[in-house]
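Chemist: Have a look at this prediction, sequence included:
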Amino acid sequence: MNRILAADDDSGAREFYRICLEDAGFTVETVEDATAAIIKCLDFMPDLLLLDADMGGGGGEKVFEKIRGLLGKDIPVIFVTGLPERVKSFASKKNVLILQKPVSVDVLVREVNRLLAESWKQFI
């Protein structure tokens, strides 16, 4: 079962991610800021990160840079944000997707599955 870590300062967004992704068969952990996301990543070892660009502790960009550096691999990352222009420079990076808030359950689950499938192709 794939593990997903969702980091967002909005408790409603975190609950939305947890419910819709658990219903889709994923194991989900949520945190409220960038510092907590980095700590949780090292313990939980997610297969994919959902990151808000504008959250406390440095935002999703900080988590992206730190985790990819620490893990030494291109863990799939989906930035789900109301500020897509803030993370547009990340769009060209490997295994990265940017979705605008609000995102529907169908789009989120479809894109999580697609990005996970694409990331696994590198091992085949």
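Modeler: Nice, I can see it. Residues are numbered from 1 along each chain as shown.
Chemist: C-alpha from now on. contacts and neighbour counts both.
Modeler: Noted.
Chemist: Quick check: phi and psi at the residue most central in space within the chain.
Modeler: Most central in the chain under CA atoms, centre = their mean is residue 50, positioned 1.6 Å from the mean C-alpha point. With angles defined as degrees, to the nearest 10, residue 50 sits at phi -110, psi 120.
Chemist: That one contacts residue 80, doesn't it?
Modeler: Yes. Look at residue 50 against residue 80 with CA atoms under 8 Å: they come within range, at 6.6 Å.
Chemist: before we move on, back to that, any idea how far residue 118 is from the residue nearest to the centre of the chain?
Modeler: Residue 50 is 16 Å from residue 118, where distance means CA to CA, to the nearest Å.
Chemist: helices and strands of this protein: which one has the lowest mean pLDDT?
Modeler: Using mean pLDDT, DSSP states H and E, the weakest-scoring helix or strand in the chain turns out to be helix 59-71, at a mean of 85.
Chemist: any residues touching that one, and which ones?
Modeler: With contact meaning CA atoms under 8 Å, 6 or more residues apart in numbering, helix 59-71 is reached by 7, 33-35, 37-38, 41, 51-54, 74-75, 77, 79, 87.
Chemist: got the buried residues for that helix?
Modeler: Of the residues in helix 59-71, 59-61, 63-64, 67 count as buried by neighbour count, 16 or more other CA atoms under 10 Å.
Chemist: before we move on, what about stretch 29-46?
Modeler: 29-35, 37-38, 40-41, 46.
Chemist: re earlier: for residue 107, state which of the contacts of helix 59-71 is nearest.
Modeler: Distance to residue 107, by CA to CA, is smallest for residue 79 among these, at 13.2 Å.
Chemist: any idea of the pLDDT on the closest one?
Modeler: For residue 79, the model assigns a pLDDT of 92.
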